[in-house]
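Visitor: here you go, sequence then predicted model.
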Amino acid sequence: MTVQKSDFPSITVPPFKCRDSIPRFVSRQVLSKRTRGISRSHAAMICALVLVSCSPVAATAQQQMALASVANDPLPDAPQPQNDPQSASTTGQASISGTVQDTTKAIVAGAQVSLTRKDGKTLETVTSGANGEFAFTNLVAGSYLVVVTAKGFAPYTSGDISVSEQQFYMIPDISLSVGSAITEVTVRPTEVIAAEQIKQEEKQRLLGIVPNFYVSYEKNAAPMTSRQKLSLAAHDTLDWTSFVGITATAGIEQANNSYAGYGQGAAGYAKRWAAKFGDGRSSDFLDHYVFASLFHQDPRYFYQGTGTNKSRLIHAVSSAFVARSDSGKTMPNYSYLLGTMVSGALSNAYYPHADRGANLVFTSAAVGIAGRAGAAVLQEFLGRKVTKNAPKSVPPGPAPPYIP
């Protein structure tokens, strides 16, 4: 309980001086030289009167000072709870140290060294110094584990380490063994790889205009599925530049009166335009899709780009007669030879009667084969230089067989 000042009655003590309490009938003249002759008995009486007048006032002042002192002094503080020194202790004087080495006793600097509990809780992590040294200090008594990890080495975990107060424990041998090499291999379906390569090929255009989809600068290209062969054939033969070429060719034939049976005028031009459209589309779909799928052949031209000019010329010309199978082997180019001949045979259905026959078939086939060989030579020596989105460089060496 605390005593407040308000618990005591207010006492006001007026200013008082003892000499003012001397009765008025005692004149100051009593103390003057004129009173020197007064008797000692009279002087004693006067002093008694002065003391009696001063005593009540002094007692009252002392009482007020005592009350004020009691009011100002606080009561004794309540007892404070005492903390358990053992529970508050988080540090000790034990330590664990060591040196990180490999199996050849070479120093391993920069290793991550962690001090853990048995339950796996990490208490502290340090990095080994230039000499492989490390230390954990200010440890309390208990059991610990030391875990060491370093790039290129297998992780190291010590046995159970029990230290007591003020014990300096040094791990006798920390040897890191070389970690086993881990090779990560990502396996993707062949169809997915082929789709990515075809997507790149469909960006290739001569002078940035004419499609150059059937040239592969990837020597170990993944084989295409039948659906991918059909899709690529459609994108190539139905490209807008094909219609421009058909229109121009039909106009030239009209001017030269080629295939006179078609006649002149708009009707004759329309027949010539339709004939050229049928020739190109049937040939493209037959050799690039139908027979390529039937014989499991790749319809693309594989750019060599390296070696002597002679070897490159032979490679280009032979592509009209030799093709790569879907398994990567070399085989006769059945798809192109048969596709060209069958396309020529179909031409007999819509060409003028005077121009039909076996001559039309073999003539169309010969022109197609010669055109393929000539186009391949241009691709080998000039095509990559004028093809937009073609790779900047090509790996040296001949095209290796594809390994599915």
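Guide: Yes, it's here.
Visitor: show me where the stretch 101-250 of the chain has strands.
Guide: Residue ranges of the strands in the stretch 101-250 of the chain, as given by DSSP state E, counting those that start in this stretch, are 112-116, 122-127, 133-139, 142-149, 156-157, 161-163, 168-170, 174-176, 205-206, 210-211, 215-216.
Visitor: which among those strands is found nearest to Ala292?
Guide: Proximity to Ala292 (CB to CB) singles out strand 215-216 among those, at 13.7 Å. In short, each C-beta sits where N, CA and C put it, glycine included.
Visitor: which residue is the nearest non-sequential neighbour of Ile246?
Guide: Lys276 (4.8 Å; CB to CB, 6 or more residues apart in numbering).
Visitor: and the helix or strand hosting that neighbour, how far from the chain's centre?
Guide: Using DSSP states H and E, Lys276 falls within helix 265-285. Relative to its parent chain, helix 265-285 has a centroid offset of 55 Å by CA atoms, centre = their mean, to the nearest Å.
Visitor: which residues sit against the next helix or strand after it?
Guide: Downstream of helix 265-285, the first helix or strand assigned by DSSP H and E is helix 291-294. Residues outside helix 291-294 that contact it (CB atoms under 8 Å, 6 or more residues apart in numbering): 226, 229-230, 297-299, 334-336, 338-339.
Visitor: hmm, try it at 10 Å
Guide: Applying CB atoms under 10 Å, 6 or more residues apart in numbering, the external contacts of helix 291-294 come out as 224-230, 232-233, 285-286, 297-300, 323, 326, 333-340, 342.
Visitor: using ChimeraX, define a selection of the buried residues within these.
Guide: Only the buried entries of the contacts of helix 291-294 go into this ChimeraX selection, using 16 or more other CB atoms under 10 Å:
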select :224,228,229,230,232,233,285,286,297,298,299,300,323,326,333,334,335,336,337,338,339,340,342
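Visitor: just the contacts of helix 291-294: which are in helices?
Guide: Among the contacts of helix 291-294, the members falling in helices (DSSP state H) are 226-230, 232-233, 285, 334-340, 342.
Visitor: with those in mind, which one is nearest to Glu165?
Guide: Comparing these against Glu165 with CB to CB places Gln228 closest, at 75.6 Å.
Visitor: quick check, pLDDT for the closest residue to Glu133 other than its chain neighbours.
Guide: Using CB to CB, 6+ apart and skipping residues adjacent in sequence, the residue nearest Glu133 is Thr99, 5.3 Å away. pLDDT, Thr99: 94.
Visitor: how about Thr99, secondary structure?
Guide: Classification of Thr99 using DSSP: H, G, I helix; E, B strand; the rest coil returns strand.
Visitor: isn't it right up against Ala130?
Guide: No: at 11.3 Å, Thr99 does not count as touching Ala130 under the criterion of CB atoms under 10 Å.
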